[in-house]
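What shape does this take:
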Amino acid sequence: MPDVVYFAKEKAEELEADQWQFPAPDFAAEVLSPSTKRRDRGVKFGDYAAHGVREYWILDPDARTVEKYILNPLGRYALEKKAGGEEEVRSEVIAGFKAPANAFLDDRANLLALRKLLR
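The predicted structure is shown next:
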């Protein structure tokens, strides 16, 4: 199970409250930790690609980076961007979703980015 998922409108409209199995999300994000790092970069990385998750982000709190992977036509992830600090990361799947990389890794930067998004 990913840390964060997003279903596009078409998929979301078909989800039911008591549903046990879900379709693959359109977007998934994982926050690395020492206990999950190998799995998030290994099994989950391959699993999400095999199931057609169009965009996968890996947030690395130790390196202070966000890696953005996009599923290519061959069904494999290609690293589109590795960002840190004030570098902006923009989703291809979630319209209008963008923020500086540090907004995902730092409470103060997160609050500033949220205020900007909600304006």
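
What segments of the protein are helices?
Residue ranges of the helices in the chain, as given by DSSP state H, are 9-12, 37-41, 43-50, 107-118.

got the buried residues for the last one?
Just to be clear, that refers to helix 107-118. Burial within helix 107-118, assessed by neighbour count using 16 or more other C-beta atoms under 10 Å, is assigned to Ala109, Ala113. Quick note: C-beta positions are derived from backbone N, CA and C, even for glycine.

and that helix, average pLDDT?
Averaged across helix 107-118, the pLDDT comes to 89.

Tell me which helix or strand in this structure has the weakest average pLDDT.
helix 9-12 (a mean of 82; mean pLDDT, DSSP states H and E).

and Leu32, what does it touch?
Asp40, Arg41, Ile58, Leu59, Asp60, Pro61, Asp62 (C-beta atoms under 8 Å, 6 or more residues apart in numbering).

Could you check how far it is from Ile58?
According to C-beta to C-beta, to the nearest Å, Leu32 and Ile58 sit 6 Å apart.

which neighbours do the two share?
Common contacts of Leu32 and Ile58, defined by C-beta under 8 Å, 6+ apart, comprise Asp40, Arg41.

Figure out which of the helices of the chain is closest to Lys82.
Taking C-beta to C-beta, helix 37-41 is the member of the helices of the chain nearest to Lys82, at 13.1 Å.
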